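J.: using only what follows, build the 3D model:
(chains A, B, C and D)
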Number of protein chains: 2
Amino acid sequence: MSSLTRKGAATRARIVAAAARLMYERGVTEATLEDVRAAAGVSGSQIYHYFADKQALLLAVIEYQTEAVLELQSPLFGRLDSMAGLRQWADALVEYQRRMQCRGGCPIGSIGGEVAENNPEARLAVASGFLRWEEAIRAGLTAMHARGELDADPNDLALAVLAALQGGLLLAQIQRQVKPLEVALGTILDHVESRLAASVRG
Amino acid sequence: MSSLTRKGAATRARIVAAAARLMYERGVTEATLEDVRAAAGVSGSQIYHYFADKQALLLAVIEYQTEAVLELQSPLFGRLDSMAGLRQWADALVEYQRRMQCRGGCPIGSIGGEVAENNPEARLAVASGFLRWEEAIRAGLTAMHARGELDADPNDLALAVLAALQGGLLLAQIQRQVKPLEVALGTILDHVESRLAASVRG
DNA sequence: TAGAAAATGGGTTGTCTAATCCAGAAAACC
DNA sequence: GGTTTTCTGGATTAGACAACCCATTTTCTA
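T.: Numbering: from 1, shown residues only, chains lettered A, B, ... in the order given. Predicted coordinates:
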């Protein structure tokens, strides 16, 4: 592999970004390397210059999508220790899906579903992405719990919130409407709210 | 197509069942028609005798899996109008996944995720499968609501339960452990329980 | 039992796509 | 300024797989 020059790193990044977009839009198997090559605006053997094979590119894409998803939400993650912050976060996710017309589903989860049964390595990469997502949610709920504001296990709640999000995204993707996501997140947050300690609930 | 004899219908069913199993175990694209042919124990051009192309077979598989999933749960559907029945149903789903070692995820949902972005016809077939599933859940919650036992919109709750189930299944499939499903269903049912009318809760 | 459907088993075609290889030009970096 | 890396652009291989065709035999079933 040796060292990557500035330009080399930029090209590599362009390839990963293009691959991520195509795999998101069409699925992993439907996104051919020729498509990726064209979309990235590179020629011939450049993809193989930076990646051993399609599998290596896929793993890079999973990394990339995990970073992208977490980065996109990061401004909102800091406020997940209050109901207002949680609702704001949920609203932003719903709004984003609405803008995307519910296409693609979850950038991580949709890849996960596609590779889970025939690509253990990719499955594990997706699992670790989910773990980081779960931890971001858990941090907020744990803070609430530590302050004595929350009367429930924050770990279980975080997992339930992530599951509601993933299920909502899948149903939204398949039905091409945001309502399932909206209702799934709204309901699980209603539940969190119902577990607020009496002192906070006012 | 003309008329199907008894034996013809049986062979067709064998092909669909084999295809369903393989698509579930490996994903739609990884299940080749040659694999299906061998697994069904039929020879040569039999698949094309009963199905125009792979797409037609896929649609038959989605139908088949929808029926299978609903039929498997049908003994429990009748009791979804009480917390005991709901918990029993959830336990059965968790237990089933445990026995499957969390492989495959949801027979309908995993196909849905794979085809959503490149096969509108299949996506709609999955959507209608989800609708039937949602309605089975809704029937129970609506009954509770009609009896004045439930203090919430049964339609929204049913959608939230299905989303929690799907999200839990996806996370379970990717992490290869039942906990996400267990927690997701447990938490959403806790929420349903928290919305029981005072008269029932008491 | 006669006609229709089911089934065998093989061959074939065409396409798609991942994966390699190469010779030479351009650019970046020390 | 020389070395390394990047990049071009094409050619090519090799395999997988869907789809189609056909001659023949077996099995239903009306």
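J.: so what's the gap between the host helix or strand of A:Ala84 and the chain middle?
T.: Per DSSP states H and E, A:Ala84 falls inside helix A:83-99. Relative to the centre of its chain, helix A:83-99 is centred 14 Å away, using C-alpha atoms, centre = their mean, to the nearest Å.
J.: what's that helix packed up against?
T.: helix A:54-77, helix A:154-175, helix A:179-194 (3 or more C-beta pairs under 8 Å, 6 or more residues apart in numbering or on different chains; DSSP states H and E). Placement of C-beta: from N, CA and C, glycine included.
J.: if you compare those helices, which one is most tucked away?
T.: helix A:154-175 (a mean of 27; mean count of other C-beta atoms under 10 Å in any protein chain shown).
J.: pLDDT below threshold where in chain A?
T.: A:1-3, A:202 (pLDDT under 70).
J.: one more time with 90, if that's ok
T.: Residues of chain A meeting the criterion pLDDT under 90: A:1-9, A:43-45, A:197-202.
J.: remind me, longest helix of it?
T.: helix A:120-146 (DSSP state H).
J.: and it, what other elements does it pack with?
T.: helix A:54-77, helix A:109-115, helix A:154-175, helix B:154-175.
J.: about what we covered before: nearest to DNA strand D, out of the helices and strands packed on helix A:83-99?
T.: Nearest to DNA strand D, of all the helices and strands packed on helix A:83-99, is helix A:54-77, at 13.3 Å by C-beta to the nearest atom of the strand.
J.: what angle separates the closest one from helix A:83-99?
T.: Between the axes of helix A:54-77 and helix A:83-99, defined by axes from the mean of the first three to the mean of the last three C-alpha atoms, to 10 degrees, the angle is 130 degrees.
J.: please see if helix A:54-77 touches DNA strand C.
T.: Yes. Helix A:54-77 lies within reach of DNA strand C by C-beta under 7 Å from any atom of the strand, at A:54-55.
J.: that helix vs DNA strand D: in contact?
T.: No. Helix A:54-77 lies apart from DNA strand D when judged by C-beta under 7 Å from any atom of the strand; the minimum separation is 13.3 Å.
J.: residues in contact with that helix?
T.: By C-beta atoms under 8 Å, 6 or more residues apart in numbering or on different chains, the surrounding residues in contact with helix A:54-77 are A:15-17, A:19-20, A:23-24, A:28, A:33, A:36, A:47, A:51, A:85, A:88-89, A:92-93, A:96, A:106-108, A:111, A:115, A:119, A:121-122, A:125-126, A:128-129, A:132-133, A:136, A:139-140.
J.: just the buried members of those?
T.: Burial by neighbour count, 16 or more other C-beta atoms under 10 Å in any protein chain shown: within these this picks out A:15-17, A:19-20, A:23-24, A:28, A:33, A:36, A:47, A:51, A:85, A:89, A:93, A:106-108, A:111, A:115, A:119, A:122, A:125-126, A:129, A:133, A:136, A:140.
J.: so which of those also contact DNA strand C?
T.: Near DNA strand C, by the rule C-beta under 7 Å from any atom of the strand, you find A:Leu33 out of these.
J.: run through who's touching the helix holding A:Ala84.
T.: With C-beta under 8 Å, 6+ apart, helix A:83-99 has contacts from A:72-73, A:76-80, A:140, A:165, A:169, A:172, A:178, A:181-182, A:185-186, A:189, A:192-193, A:196.
J.: that helix vs helix A:120-146, what angle?
T.: Using the same axes, to 10 degrees, helix A:83-99 lies at 150 degrees relative to helix A:120-146.
J.: now do helix A:83-99 and helix A:154-175, the angle between them.
T.: Going by the same axes, to 10 degrees, helix A:83-99 makes 20 degrees with helix A:154-175.
J.: now A:Ala158. Nearest residue, chain neighbours left out?
T.: A:Arg138 (3.7 Å; C-beta to C-beta, 6 or more residues apart in numbering or on different chains).
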